[in-house]
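**Q** fold the following and give me the result.
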Amino acid sequence: MRQDDPKTAKRRAREKKTISQMIAMHCAGTHGAALRTHAAFCGDSVCEECARLDAYAVKRTERCRSMHVKTSCEECGNHCYAPEMREKIRAAMRYSGPRMITKHPVAAVRHLLGK
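**A** Have a look, this model is predicted:
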């Protein structure tokens, strides 16, 4: 794996945090508080299923070979996510996307702009 330049490393770190925040927001809104016994990458509480999704998404972001040129995973020609996990992440993003602007406005705007 090649070493990231500082700009790409910063973007990769930001994307890992953003996707983790989105998964945590989805979990908080759809799964009971008693189930949220694990910690997501961003530090928020998530259930076991969402913790697995979070770890998978963070791992895929760490291994993304196109981070230095891509705008979003959706527009990338190389889909890193397995089909089942892609559906789970889409569900989490569908739920949390509209809500990100109120809870994490800077992350939401950066995500929308692809920066």
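**Q** which strand or helix spans the residue lying closest to M85 once chain neighbours are set aside?
**A** Among residues not flanking M85 along the chain, Y56 sits closest, at 5.6 Å (Cβ to Cβ, 6 or more residues apart in numbering). To be clear about C-beta, it is placed using only N, CA and C from the backbone, and glycine gets the same treatment. Element membership of Y56 [criterion: DSSP states H and E] is helix 48-63.
**Q** tell me what that helix is packed against?
**A** Applying 3 or more Cβ pairs under 8 Å, 6 or more residues apart in numbering; DSSP states H and E, one finds that helix 48-63 contacts helix 6-30, strand 38-39, helix 83-103.
**Q** surely A57 touches A24?
**A** No - when contacts are counted by Cβ atoms under 8 Å, A57 is not listed as touching A24 (11.1 Å).
**Q** picking that back up, who wins for proximity to H68 among the helices and strands packed on helix 48-63?
**A** Minimum separation from H68 across those (Cβ to Cβ) falls at helix 6-30, 4.4 Å.
**Q** in the closest one, which residues are buried?
**A** 11-12, 14-28 (16 or more other Cβ atoms under 10 Å).
**Q** for the residue nearest in space to the middle of the chain, which non-adjacent residue is spatially closest?
**A** In the chain, the centroid-proximal residue (Cα atoms, centre = their mean) is I19; its distance is 1.5 Å. Setting aside the residues directly before and after it, I19 is nearest to A57 in space (Cβ to Cβ, 6+ apart), at 4.7 Å.
**Q** since that was my last question, I'll sign off now.
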